[in-house]
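A.B. asks: coords below, sequence missing:
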């Protein structure tokens, strides 16, 4: 068996809107190993948050399945279900909405610890709560414990919500835009805290963000997936993805991100899209979801078949018929290999 | 006690409730009425029957005049308050408790529980409840204040239950509730630690409003002569009216005294409800 912690197999999710089925996620395959950092990047509405919420068990997939330690999460029972429920935690985007305004920090942290008998007695509880606050650099712990969330800053609140998630000793953390609403100056330090937690506790992290630069920085030795209209269009090691992006959408994202003064050399030239607007999920384009905007659009190819996510090199997969074919042509005598007959998803 | 602001209220940076003047006046008035009603009877002499001074206008001897039996109106009014207040408090609390129980479990559990409870609530809402209350109160003799309060509560929870359900439904979608779900904190924690504390202001205001309703119903029943004879404002008004006091200028004081007392009590409650609503939810305040 594989050593994956979380595995998504052909996961799809559709919602009913105005009597119509709108598919928000289509055929997403993803594997995350213990202690690994994976980033999901994409514009709003691309399905990255929905993916995170399905992994956390807050939404059920409409098709496909999600495995936690090789067991389908929808069929878990008893102790196994509990292990999954506590093993996968989620940190919300908005630190102002994710903490109950009527509870003090002490109550917020004590509830999961006592409910799941993770501490023995009062003294142990006090010690453990302080440990948790220290582990997310929220100090002085004694002072913080007596405060209400509104007495903390946005960054402190986000640290508290991370501490709360850690209280049940999870093995997997979904960080859904966890630093997007925090001041830029605080962002890096929270990310460093998260990375340190990964190193110390072997915590695997799914980092969901719309900011490719942030994803790359955070998952610098992890992997990054790019999503577009509910599909994973490219998946690669973070450095590889930025240095050698294959999917036109990834290239467009990189070209559109604000210039990084320190590493101008990887910056691709600006790209002209055929169309700026993201299509509605209600009118999903045929074939490749990116084709109406893609500068490399080829009629008859891109608008007919949905390109599968195909590994070009080990660890770098892309869902683009044109690029895959170009790659194949470059490494094999032309015409010998045809995409449709050779490559399996 | 610290009370959190109403739903969706942007919280002030410092936790300070700046009480509105309306709430302050209402609270002071209500406190005064409570003091007069519970301590007053110890101070003011008990009203005496006096066949020689029946239906007198105000004089130095009887500041608010006398009733048809020659009893001092002021002394009667001072004694008639405690029963009203006790009734209002019990009925208001009980109504809110039933409403919170039904409304929150309906919203929290959803599905069949929700469907069942809400259909029951709808059914209860369609019944002309005051008429039914009159019928039941007259067939089943309501002897004590507590049983009257219980009866009133049974008839007045549905509207509030619906509002509480709506509140819980909206709170359920909050991210902190979701976080509690992720941590598997259980339904008891969810209801009593996450949901209800965030509705505390709404519940307080609703309780006060239910108290107002209970008083109206008591006065209505007393006016119809269904309630047993007892010293309270509702009955004093009913009896005085029954003695044709409204047709004689001198006797009118025996009608006006209990009416004014009821009005003051209701006014204090309405001001409190409205004032606290504004206090908890500053967006309701009109900008000056």
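C.D. replies: Looks like it came in fine. As the structure is a prediction and not an experimental result, all values here were calculated from the model.

A.B. asks: going by C-alpha atoms from here, please, whenever you check contacts or count neighbours.
C.D. replies: Noted.

A.B. asks: in which helix or strand does the residue positioned nearest the centre of chain B reside?
C.D. replies: When chain B is reduced to its mean C-alpha position, the nearest residue by C-alpha atoms, centre = their mean turns out to be residue B:211, at 0.5 Å. Under the criterion of DSSP states H and E, residue B:211 resides in helix B:200-223.

A.B. asks: which element is residue 119 on?
C.D. replies: Chain wasn't specified; assuming chain A. In this assignment (DSSP H and E), residue A:119 forms part of neither any helix nor any strand.

A.B. asks: ah, I was thinking of chain B
C.D. replies: Going by DSSP H and E, residue B:119 is part of helix B:111-126.

A.B. asks: any chance you could map the helices in the stretch 1-150 of chain A?
C.D. replies: In the stretch 1-150 of chain A, the helices defined using DSSP state H, counting those that start in this stretch lie at A:48-55, A:78-87, A:105-115, A:121-135, A:141-145.

A.B. asks: mean confidence score for the shortest one?
C.D. replies: Across helix A:141-145, the average pLDDT comes to 92.

A.B. asks: could you do the third one as well?
C.D. replies: Per-residue pLDDT over helix A:105-115 has a mean of 94.

A.B. asks: and what of the first one?
C.D. replies: Averaged across helix A:48-55, pLDDT comes to 94.

A.B. asks: swap in stretch A:200-208?
C.D. replies: 93.

A.B. asks: ok, stretch A:219-234 next?
C.D. replies: pLDDT averaged over stretch A:219-234 gives 90.

A.B. asks: got the buried residues for that stretch?
C.D. replies: Going by neighbour count (16 or more other C-alpha atoms under 10 Å in any protein chain shown), the buried part of stretch A:219-234 is A:219-220, A:222-234.

A.B. asks: quick revisit: out of the helices of the stretch 1-150 of chain A, nearest to residue B:264?
C.D. replies: When the helices of the stretch 1-150 of chain A are compared by C-alpha to C-alpha, helix A:105-115 sits nearest residue B:264, at 42.1 Å.

A.B. asks: and the closest one, does that touch chain B?
C.D. replies: Yes: counting by C-alpha under 8 Å from any C-alpha of the partner chain, contacts between helix A:105-115 and chain B involve A:111, A:112, A:115.

A.B. asks: related to what we said a few turns ago, among the helices of the stretch 1-150 of chain A, which is the most enclosed?
C.D. replies: Burial of these is given as mean neighbour count (mean count of other C-alpha atoms under 10 Å in any protein chain shown); helix A:48-55 ranks first at a mean of 23.

A.B. asks: which elements pack onto that one?
C.D. replies: Other helices and strands packing on helix A:48-55, by 3 or more C-alpha pairs under 8 Å, 6 or more residues apart in numbering or on different chains; DSSP states H and E, are strand A:20-32, strand A:172-176, strand A:204-209.

A.B. asks: any idea which of these scores lowest on pLDDT?
C.D. replies: Looking at those, the bottom one is strand A:20-32 with a mean of 89.

A.B. asks: which parts of the stretch 151-300 of chain A sit against chain B?
C.D. replies: A:151, A:165, A:168.

A.B. asks: wait, the second one sits on residue A:87?
C.D. replies: No: in this structure residue A:165 lies outside contact range of residue A:87 using C-alpha atoms under 8 Å: 9.7 Å.

A.B. asks: can you give me the strands for chain A?
C.D. replies: Using DSSP state E, the strands of chain A run over A:6-17, A:20-32, A:37-41, A:63-68, A:71-72, A:88-91, A:172-176, A:204-209, A:223-228, A:231-237, A:310-313, A:316-318.

A.B. asks: contacting residues around the shortest one?
C.D. replies: Meaning strand A:71-72. With contact meaning C-alpha atoms under 8 Å, 6 or more residues apart in numbering or on different chains, strand A:71-72 is reached by A:65, A:66.

A.B. asks: how does it look with 10 Å?
C.D. replies: The contact list for strand A:71-72, computed with C-alpha atoms under 10 Å, 6 or more residues apart in numbering or on different chains, reads A:5, A:6, A:7, A:8, A:65, A:66, A:80, A:81, A:84.

A.B. asks: now whichever strand or helix holds residue B:239: average pLDDT?
C.D. replies: Taking DSSP H and E as the criterion, the element that holds residue B:239 is helix B:233-242. With pLDDT averaged residue by residue, helix B:233-242 scores 87.

A.B. asks: what distance do you get for whichever residue of the stretch 151-288 of chain B sits closest to chain A to residue B:187?
C.D. replies: Scanning the stretch 151-288 of chain B for the residue nearest chain A gives residue B:176, at 4.1 Å (criterion: C-alpha to the nearest C-alpha). To residue B:187, residue B:176 is 14 Å away according to C-alpha to C-alpha, to the nearest Å.

A.B. asks: what are the ranges of the helices in the stretch 201-345 of chain A?
C.D. replies: Using DSSP H, counting those that start in this stretch, the helices of the stretch 201-345 of chain A run over A:212-218, A:238-243, A:248-256, A:321-331, A:339-342.
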